[in-house]
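Student: I'll drop the sequence and a predicted model, then ask my questions.
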Amino acid sequence: MRRLWLAAALAIAPSALAAPAPVDTVLVQPPMSAPAPAPLGHRIETRIPDATGLVRGLLGNITIRAPQDTAGVGDYRGARRLFVAGLFDSAAAEFQRFAVRNPRNLLVNDAIERVLLIRENREPGDEALLLYAHTLSLRESGAADSAAASARDGLARFPNARIRYHWQYLLAEMARELGDHPAAIRFALLVADSTSKSRLVPYGLKLAADEIVAMGDDPAKALRLYQALLERYPASPLAPPVRAQVLEIRKKLQL
């Protein structure tokens, strides 16, 4: 029902949304080829009015564990190709249309996240966002080392860009996949810093806490991060599983 509400809300005001994710950070995204970014002179598009507040509300009402439907995957992949090519406004419009037409597809979460990602990180020339799109493409094509190098390059070249938190979170995820718990925690805590004001903060808190548990460190450290997430983001889609983790840790600490 909540996904149906999402589709209805989007249908009511389709022109209000502009060109993210998590969406949930554990979403599996289909690999795709990475076309070369189009020259800036060829990226002629009509800008869509800012509607970040509206999209935030839609994202907050996504049901992450809704039944999956594969209908519309081709449209989703087409929107991602536009994203990687640097046609961000067109990509946002296509992601929006995909969400309206396919509200039961689990990729709707990612589509809404991409809209937010684009809206919140537009800068003159879009150089940082173009590099981040390329970084994602490398990772999704299986080139993990190249993706990590691209993320580090982005952080070095654009240290003050808002997109830096997405690079840091991506590096945290890749470190986790390699079993490098200290590096995963370090990057996740950079994202989770209270001054970042990033939508990725709750995800950074959870990832850091999860890694503390995974490496067998003091569970009280993880508990503090989990509790910070619940206190600061009680409506986050991460809150229900984190509450269960908090109860489990508290039981162990009382033994």
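Tutor: The structure has been received and is ready for your questions.

Student: helices and strands of this structure: which one has the lowest mean pLDDT?
Tutor: helix 2-12 (a mean of 37; mean pLDDT, DSSP states H and E).

Student: Any regions of the stretch 151-255 of the chain where pLDDT drops low?
Tutor: Scanning the stretch 151-255 of the chain for pLDDT under 70 picks out 255.

Student: residue ranges of the helices in it, please?
Tutor: All helices of the stretch 151-255 of the chain, identified by DSSP state H, counting those that start in this stretch, fall at 164-177, 181-192, 201-214, 219-232, 239-254.

Student: C-alpha coordinates for the second one, PDB please?
Tutor: What it means is helix 181-192. Only the C-alpha atoms of helix 181-192 are listed here, as PDB (Å, rounded to 0.1, in the frame of the first residue of the first chain):
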ATOM      1  CA  HIS A 181      36.900  -3.600   9.300                       C
ATOM      2  CA  PRO A 182      39.100  -0.600  10.500                       C
ATOM      3  CA  ALA A 183      39.000   1.100   7.100                       C
ATOM      4  CA  ALA A 184      35.300   0.500   6.800                       C
ATOM      5  CA  ILE A 185      34.700   2.000  10.200                       C
ATOM      6  CA  ARG A 186      37.000   5.000   9.500                       C
ATOM      7  CA  PHE A 187      35.200   5.900   6.300                       C
ATOM      8  CA  ALA A 188      31.700   5.300   7.700                       C
ATOM      9  CA  LEU A 189      32.400   7.600  10.700                       C
ATOM     10  CA  LEU A 190      33.400  10.300   8.300                       C
ATOM     11  CA  VAL A 191      30.000  10.100   6.700                       C
ATOM     12  CA  ALA A 192      28.300   9.800  10.100                       C
END
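
Student: tell me what it is packed against?
Tutor: Packed against helix 181-192 by the contact rule (3 or more CB pairs under 8 Å, 6 or more residues apart in numbering; DSSP states H and E) you find helix 164-177, helix 201-214. C-beta: built from backbone N, CA, C; applies to glycine.
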